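Asks: fold the following and give me the result.
(one chain, ligands or ions: 2)
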Amino acid sequence: MQTKFLRVQVALPGPFWQPLSYLVPDDSLSVATDPSLQSAWLADWLGWRVRVPFRNQTRIAVVVGVDQDDGVELSKLKPLLVKLDQEPVLNSQDLKFLRWAANYYHEPIGEVVMAALPKRLRDGEPLALPGVMTWQRSALGQSISVDQLSARAHKQRVLWQALSNDQAWSSSQLNASFSGWQPLVKRWVEQGWLAVKEGPCLAHKSLPNPVRHLLNDEQQAAVTSVQASQGFGCFLLDGVTGSGKTEVYLALIEQVLAQGKQVLVLVPEIGLTPQTAARFEAYLQQPVVALHSGLNDQERHCAWQVMRRGEASVLLGTRSALFSPFADLGLCILDEEHDLSFKQQDGFRYSARDLLIRRAHLLNIPVLLGSATPSMESLHNAQTGRYRYLRLSQRAGEAQPPHLSLLDVRGDRLQEGLSNKALGQMREALAAGGQVLVFLNRRGFAPVLLCHSCGWQGACSHCDANLTYHHASDTLKCHHCGFQQPKPKVCPACGSAHFVAMGQGTERLEQFLTIQFPEHTILRIDRDTTRLKGSLAEKVTQARDGEADILIGTQMLAKGHHFPKLTLVVMLDLDQGLFSVDFRGAERMAQLLVQVAGRAGRGTQAGRVLIQTHQPEHPTYQQLLREGYAGFAAQTLGDRQIANLPPFSFQLLVRVEALDSAQAVAFLEAIKALLLAVPVTEPCEVWGPVSAPMAKRQNRWRYQLLLQASSRASLQAWWQAVAAAVYAHPLANRVRWSLDVDPQEMG
Ligand SMILES: Nc1ncnc2c1ncn2[C@@H]1O[C@H](COP(=O)(O)OP(=O)(O)OP(=O)(O)O)[C@@H](O)[C@H]1O
Ligand SMILES: [Zn+2]
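Replies: Numbers count the residues shown, from 1 in each chain. Ligands and ions are numbered 1, 2, ... in the order given. Sure thing, here's the model as predicted:
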């Protein structure tokens, strides 16, 4: 009898297109010849973490399959070293999902599997639940009243007051409400006022009383439709800003929890996940696990474990929370489904929306996508019946829709980008006791620093981009690669000391408005003013509570926020979105406009929105104002159909970056030649190679090749036909290159 050796396939991070094979240790070899034992044997390996020898090291890997004969000579295979845990870390359904994702996005399976594990597990730490570090008042601390702290130390007093409730606080809880708490907490520990303890992953918190609304008819109809779904179904909740989509999510979640099942909610990366989680907790009266960029490795590990074990029922997280394991998932929700942050833009370039739908499909459970400005892809899917369409056409409660108008500033005198008309309207709104938001999607002081004598411009030496001037730090910064330098004293080209800062950024706008409105408080919210952990939450709370009269914000302020006192929104410099080279430019601009406008008039007072423009007759503006987002979307879908652009076709972008631009072009030309040699049955097109819109970044020249086909299947088949030859091409290892399936940005 011929002995058959068993091997397992493991996923190891790195550029391996197939899982790697290893031999299993001797004791299980006897199973090989007995088919009845094989399924039990499989269960004993699939999804387990193992330690394997690799080159001269050992690495952590996950078993993703078995193979009995893959043609590799046995003598070339190495044995596995050890299993790491007493149980698998991924179940067979998760593995199936991850394999599908790896296949669809042409990403090495090892990278995809590792994306589904918290870092500590990737590093080989034990599976067992770690505790999290918490701080709580000590016996000494309990005798310290807030009055013993200096009356002027406002921040300290607020923090000490919060810590006085005898709850143990973890760093993520503190981050959710306070910025700059670390040095204070450290000092209090040193003084013996606070004790450090290891707390459980899911700390007990006292939850505030729930605020609930009686659902209106449209909300109720949406809830009923999703609830009636038998197994998988994808629903698009198209609800105007302030229509109470969150209330619909909460009502549905409550019902799923009552059946003993879990819910996964994905939200955009806006740094407010803890605040949203708190709102969910109050409504549901149970802990909600939040997974976002503010957590440390230990907290991520905790979140992963409690969901997997079913110790918590709701996971609310950003993009990558999609890969979390669940004991019994019953519903998936994705809020602001049009948001670009759901698409990972480097490395493993997946769409969290598309993968979430796939996962729900594999698990046979419903998935709900919500937005006031749905993507053209989702609207098209709703129109063709792939998604069920649900509509909330009215604002919830008493709130009225905001009134939008165009402010034609052609020929007007502008001061720092603002017209006198806009300033006048701001004065009126402030005098009436309202709050005003000035929206400008560009941070920094000025986008260009120009020498007045010779015309020299500050440009990044590593990128094809201007350096933005930042006044507070007196530096020039590249917003693409992070390069920065002090502002030169004299022009590097001619020696003149006469510079002009051209164009507007939020920093400059703040300086100008401070002079114009000395009696009003101004709050600027952009990436520069919210770098410190917790500071965004702090600023948003101030804005919501009306502590500032004038808000200045970039797109950070566009999403999801609820500022009840806001009555006037002034939008500056939107026009640039009308002339984008990207075919999605108009869609993005329309979404931004409607979302920012949607922050106005959410309370008792009506809201107005002024769009300052030099293009008042532009059809995109005209259509948005006359027919709203729905009219704009109908027109845009019609145009895309005629031009055969997504969602009426499917794209794949091959991106290449190289120090030597000739190599980048040569590699793409080679790929193109391979593609053109493939006989295809359906229409497949290839464009390029062309220079990327940003031709150079971090010293590398960037080129791209665009593939387009009439179906996903034919696009995938076309690429598959050339993939092996592309990877084997001599330039494949000499340039940096990546595939972007369903690209969202051409950048
Ligand atoms: N049925 C209802 N009756 C009264 N108020 C409601 C109702 N439903 C929701 N609200 C309130 O309306 C406001 C807006 O709701 P919510 O934040 O859920 O809107 P949204 O649709 O998510 O908006 P956006 O897309 O702009 O973020 C909230 O203050 C919410 O409490
Ligand atoms: Zn740069």
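
Asks: what does the stretch 351-500 of the chain have sitting close to ligand 2?
Replies: Taking CB under 5 Å from the ion as the contact definition, the stretch 351-500 of the chain meets ligand 2 at C460, H462, C463, C478, H480, C481, F483. (C-beta placed from N, C-alpha, C; glycine too.)

Asks: can you rerun that using 6 Å?
Replies: Counting by CB under 6 Å from the ion, the stretch 351-500 of the chain comes close to ligand 2 at C460, H462, C463, A465, C478, H480, C481, F483.

Asks: ramachandran angles for the third one?
Replies: Backbone torsions for C463, taken as degrees, to the nearest 10, come to phi -130, psi 160.

Asks: in this structure it contacts K696, no?
Replies: Yes. The criterion here is CB atoms under 8 Å, and C463 meets it with K696 at 5.7 Å.

Asks: now the strands for the stretch 551-700 of the chain?
Replies: 566-571, 608-613, 650-658, 684-697, 700-709 (DSSP state E, counting those that start in this stretch).

Asks: the third one pairs with which strands, parallel or anti?
Replies: Pointing back at strand 650-658 there. When pairing is defined by DSSP bridges, strand 650-658 lines up against strand 700-709 (antiparallel), strand 736-741 (antiparallel).

Asks: closest one to P208 among those strands?
Replies: P208 sits nearest to strand 736-741 of all the strands paired with strand 650-658, at 43.5 Å, using CB to CB.

Asks: buried stuff in that closest one?
Replies: Within strand 736-741, the residues scored as buried using 16 or more other CB atoms under 10 Å are W737, L739, D740, V741.

Asks: ok, now stretch 607-616?
Replies: Neighbour-count burial for stretch 607-616 [16+ other CB under 10 Å]: G607, R608, V609, L610, I611, Q612, T613, Q615, P616.

Asks: check what pLDDT the third one gets.
Replies: In the prediction, the pLDDT value recorded for V609 is 92.

Asks: roughly how far does it sit from ligand 2?
Replies: Distance from V609 to ligand 2, counting by CB to the ion, to the nearest Å: 34 Å.

Asks: equivalent analysis for the first one, please.
Replies: Computed with CB to the ion, the distance linking G607 and ligand 2 is 39 Å.

Asks: count the neighbours of whichever residue of the stretch 501-650 of the chain sits closest to ligand 2 for me.
Replies: As assessed by CB to the ion, ligand 2 sits closest to R527 within the stretch 501-650 of the chain, at 16.0 Å. R527 has 14 neighbouring residues, counting by other CB atoms under 10 Å.

Asks: residues contacting it?
Replies: Counting by CB atoms under 8 Å, 6 or more residues apart in numbering, R527 makes contact with R443, T554, M556.

Asks: if we use 7 Å, what do you get?
Replies: Neighbouring residues of R527 by CB atoms under 7 Å, 6 or more residues apart in numbering: R443, M556.

Asks: got the residues of the stretch 551-700 of the chain near ligand 1?
Replies: G560, H562, G598 (CB under 6 Å from any ligand atom).

Asks: and for the last one, the neighbour number?
Replies: Right, G598. 26.

Asks: one more: the second one?
Replies: For H562, the tally of surrounding residues (other CB under 10 Å) stands at 15.

Asks: against Q485, how distant is it?
Replies: Remark: distance between H562 and Q485 (CB to CB, to the nearest Å) = 40 Å.

Asks: no further queries at this time; thank you.
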